[in-house]
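Enquirer: Predicted structure and sequence below. I'll ask about it afterward.
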Amino acid sequence: MVANELGMETFASVNVLSDPRARPALKEWSDFPTIPQVFINGELIGGSDIALELYESGDLQNMLNDKIIHQSEGCR
């Protein structure tokens, strides 16, 4: 799994297909048309195709590192 390869210790996977109301609600809330959707700290990154492109380019790791740094700075 990509999350493990990137060294992510904590992540959640939510199956929105298990609840017929969840899928349309997520699309409306995020204003993004496709599923799956990838979020980092509540911020929509995009769909799986975008996340894969970011992963392959190394940008996803940079985004995660940036989020971790900013999150830890806020805890000081």
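Expert: Looks like it came in fine.

Enquirer: Give me the neighbour count for Val2.
Expert: Residues lying near Val2 (other Cβ atoms under 10 Å) number 14. C-beta here means a position set from N, CA and C on the backbone, and glycine is covered the same way.

Enquirer: What residues sit buried inside the helix or strand harbouring Pro24?
Expert: Counting by DSSP states H and E, the element that carries Pro24 is helix 22-30. Buried positions in helix 22-30, judged by neighbour count with 16 or more other Cβ atoms under 10 Å: Leu26.

Enquirer: now for whatever helix or strand comes next after it, which elements pack on it?
Expert: Next in sequence after helix 22-30, counting helices and strands by DSSP H and E, comes strand 37-40. The contact analysis (3 or more Cβ pairs under 8 Å, 6 or more residues apart in numbering; DSSP states H and E) places strand 37-40 against strand 43-47, helix 48-57, helix 59-74.

Enquirer: In CSV, list those along with mean neighbour count and distance to Glu9.
Expert: CSV is the format used below for the helices and strands packed on strand 37-40 (neighbours: other Cβ atoms under 10 Å; distance: least, Cβ to Cβ, whole Å):
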stretch, mean neighbour count, distance to Glu9
strand 43-47, 14, 18
helix 48-57, 14, 17
helix 59-74, 12, 10
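
Enquirer: Go through those and name the closest to Pro36.
Expert: Among the helices and strands packed on strand 37-40, helix 48-57 comes nearest to Pro36, with 5.0 Å by Cβ to Cβ.

Enquirer: shaky segments in this structure?
Expert: 1, 4, 68-76 (pLDDT under 70).
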